[in-house]
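Visitor: A predicted structure for the sequence below; I have some questions about it.
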Amino acid sequence: MGQMPRLASTRALVLLLAAAGGSVHADPHDHDRARAALERGEVLPLAEILASVTTRVPGEVVEVELEREDGTWVYELKIIAPDGRLLEVLANAATGRLLKQEEEH
C-alpha cells in the first residue's frame, strides 16, 4: 500500500477517534467544545494539523485529543514512528506549531 492511501486511512481513523472523544474516558461533551472552538476560529481543523505534523514527525497517527492546557487549545497526537517507537506530539491547536515531542514508555 502506498503512502497516500495509508495516510488517508489514518486520517479517517483519527477523525473517527476525534469524533468519539479521542479515548474511552473522554467527557461526552468534548466534541461539542471542540466543534465550538473550531467554529469560533480558536483552533485549526484537524486535517490541517495532521498535514502539518505528519510532515515533520513521520509515522502513523493512532490517537488524537484536543485539550485545554493553561488556557491554550492543544492537539495531543500519539504517533507510531517508522522504527516502532510510540511518540507523543503536542501542537498548538490555533497555529499548528509543535510544542513538544517525546517518546512514550
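Guide: It's in. Just so it is clear, the structure is predicted and the values come from calculations on it, not from any experiment.
Visitor: Pull out the buried residues from stretch 58-72.
Guide: Neighbour counts over stretch 58-72 (16 or more other Cβ atoms under 10 Å) mark 59-61, 63-66 as buried. Yep, even glycine has a C-beta here, placed from its N, CA and C like the rest.
Visitor: and what of stretch 46-54?
Guide: Residues 46, 49-50, 52-54 are the ones in stretch 46-54 that count as buried (16+ other Cβ under 10 Å).
Visitor: In CSV, could you pull the C-alpha coordinates for that stretch?
Guide: What follows is stretch 46-54 as a C-alpha-only set of coordinates in CSV (Å, rounded to 0.1, in the frame of the first residue of the first chain):
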residue,chain,number,x,y,z
LEU,A,46,-7.8,18.6,12.5
ALA,A,47,-6.9,17.9,8.8
GLU,A,48,-4.6,20.9,8.8
ILE,A,49,-2.9,19.8,12.0
LEU,A,50,-2.4,16.3,10.7
ALA,A,51,-1.0,17.5,7.4
SER,A,52,1.5,19.8,9.2
VAL,A,53,2.5,17.4,12.0
THR,A,54,3.0,14.3,9.9
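Visitor: Give the rounded mean pLDDT of it.
Guide: On average, the pLDDT along stretch 46-54 is 93.
Visitor: and which of the buried residues of stretch 58-72 is nearest residue 94?
Guide: Lowest distance from residue 94 to these (Cβ to Cβ) belongs to residue 66, with 11.3 Å.
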